[in-house]
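Engineer: Provide a 3D model corresponding to the input given below.
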Amino acid sequence: MGSQSGTARRPDDGGYAPRNPSVADRAPGILPTASIGDVIKQLQVDFPEVRVSKIRFLESEGLISPRRSKSGYRRFSPEDISRIRYILGLQRDEFLPLKVIRERLEAMDAGNVTAIRLHSDSVAGAVTPDQLRAPQISRLTRADVCLRSGADDEFLGALVRMDMVVPDAAGFFSADDVDIVRIASKLREFGIDSRHLRTLVTMARRQADLINRVAEPVAHSRDDNAKERAAEIGREVGALVVSLHATLVKGNLGR
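Structural biologist: Here you go, the predicted structure:
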């Protein structure tokens with residue numbers, strides 16, 4: 001159960017990914033390796049939000065240790081990819097922060113698997129940190145937003161005036177703005193008007209301020225990865241705050 005063999009078991013099979021074998025144990029030239037681009041393509045099947053920056057961040061945090069080719073490029077072994085899958089799975093499915101994931105990996109690398117399986121730090125959250133990443137599409141016109149959300153321009157204008165959706169300096173909107181407009185439009189069908197929506201905007205800003213106060217000190221630290229670490233913390237705390245809010249709302253329904 002606590003074997004430290006060089007073969008990483010897939011996390012979805014109930015296994016784990018031990019620390020990469022040493023370079024000597026790997027027998028370079030025999031094990032197949034993949035570029036970071038190829039790794040992203042493999043991972044995005046199960047983790048659509050993963051990006052190159054995420055992989056680099058995990059490496060900078062010491063959670064993965066890909067080899068380097070003679071020309072300096074990262075080369076990932078099957079064990080590396082399995083380990084990344086395990087980390088991403090813990091973040092998405094068990095809602096674990098990197099600090100706890102690091103502790104799990106260190107224990108697994110030491111062969112202390114039993115204790116890890118008996119103790120769970122997971123939280124069944126309403127959202128995951130990856131869901132709080134910035135949207136990829138960020139240059140949508142007003143017409144695009146109306147078309148995608150099913151709302152009319154007058155309603156969109158009302159949401160802009162109350163700062164529920166905020167276009168950028170060039171007047172473009174994001175994919176998140178489309179979701180906001182769509183949800184607000186659905187709420188309107190239940191009689192929730194602008195006054196109520198403003199209350200929700202105020203609540204969201206207060207929660208965001210709380211999250212930013214946690215992440216900002218990290219962003220200003222003297223660390224090459226400070227900004228990425230702060231963003232990661234912001235997403236983790238944000239997901240917890242949103243999940244707590246959703247659970248509190250659920251508990252108060254019907255009272």
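Engineer: Got the domain ranges for this structure?
Structural biologist: Partitioning the chain according to automatic domain parsing yields domains covering residues 11-122, 142-252.
Engineer: and the end-to-end length of the last one?
Structural biologist: Okay, so that is domain 142-252. One end of domain 142-252 sits 36 Å from the other (C-alpha to C-alpha, to the nearest Å).
Engineer: Show me where the stretch 51-200 of the chain has its strands.
Structural biologist: 67-68, 74-75 (DSSP state E, counting those that start in this stretch).
Engineer: any idea which of those strands is most buried?
Structural biologist: Most buried of these by mean neighbour count (mean count of other C-beta atoms under 10 Å) is strand 74-75; its value is a mean of 19. C-beta here means a position set from N, CA and C on the backbone, and glycine is covered the same way.
Engineer: strands paired with that strand, and their directions?
Structural biologist: strand 67-68 (antiparallel) (DSSP bridges).
Engineer: Show me how far the strand it pairs with is from its chain's centre.
Structural biologist: 26 Å (C-alpha atoms, centre = their mean, to the nearest Å).
Engineer: And stretch 209-222, by the same measure?
Structural biologist: Offset of stretch 209-222 from its chain centre (C-alpha atoms, centre = their mean): 17 Å.
Engineer: Would you mind pulling the contact partners of that stretch?
Structural biologist: 226-227, 229-231, 233-234, 237-238, 241 (C-beta atoms under 8 Å, 6 or more residues apart in numbering).
Engineer: same question, stretch 230-241
Structural biologist: Contacts for stretch 230-241 (C-beta under 8 Å, 6+ apart): 57, 95, 97-98, 123, 125, 127-133, 207-208, 210-212, 214-216, 218-219.
Engineer: could you give me the average pLDDT of it?
Structural biologist: Taken as a whole, stretch 230-241 has a mean pLDDT of 88.
Engineer: can you check stretch 245-254 too?
Structural biologist: 89.
Engineer: For it, buried residues please.
Structural biologist: Within stretch 245-254, no residue is scored as buried using 16 or more other C-beta atoms under 10 Å.
Engineer: Any idea how far that stretch is from the middle of the chain?
Structural biologist: 24 Å.
Engineer: Look through every helix and strand of the protein and give the one with the lowest mean pLDDT.
Structural biologist: Least confident element among the helices and strands of the chain, by mean pLDDT, DSSP states H and E: helix 23-26 (a mean of 41).
Engineer: Just the residues contacting whichever helix or strand comes after it, thanks.
Structural biologist: As assigned by DSSP states H and E, the chain's next helix or strand after helix 23-26 is helix 36-43. Helix 36-43 is contacted from outside by 34, 50-52, 55-56, 66, 73-74, 76, 80-81, 84-85, 88, using C-beta under 8 Å, 6+ apart.
Engineer: Let's see that with 10 Å instead.
Structural biologist: Here helix 36-43 makes contact (C-beta atoms under 10 Å, 6 or more residues apart in numbering) with 33-35, 47, 49-52, 54-56, 59, 66, 73-76, 80-81, 84-85, 88.
Engineer: do the same with stretch 52-64
Structural biologist: Here stretch 52-64 has contacts from 17, 19-20, 36-37, 39-40, 43, 47, 50-51, 65-66, 74, 76, 79-81, 83-84, 86-88, 91, 98, 101-102, 105-106, 130, 133, 223-225, 228-229, 231-232, using C-beta under 10 Å, 6+ apart.
Engineer: try 6 Å this time
Structural biologist: 36, 80, 83-84, 87, 225, 228 (C-beta atoms under 6 Å, 6 or more residues apart in numbering).
Engineer: Out of those residues, grab the one that's most surrounded.
Structural biologist: The residue in the contacts of stretch 52-64 with the most neighbours, by other C-beta atoms under 10 Å, is residue 83 (27 neighbours).
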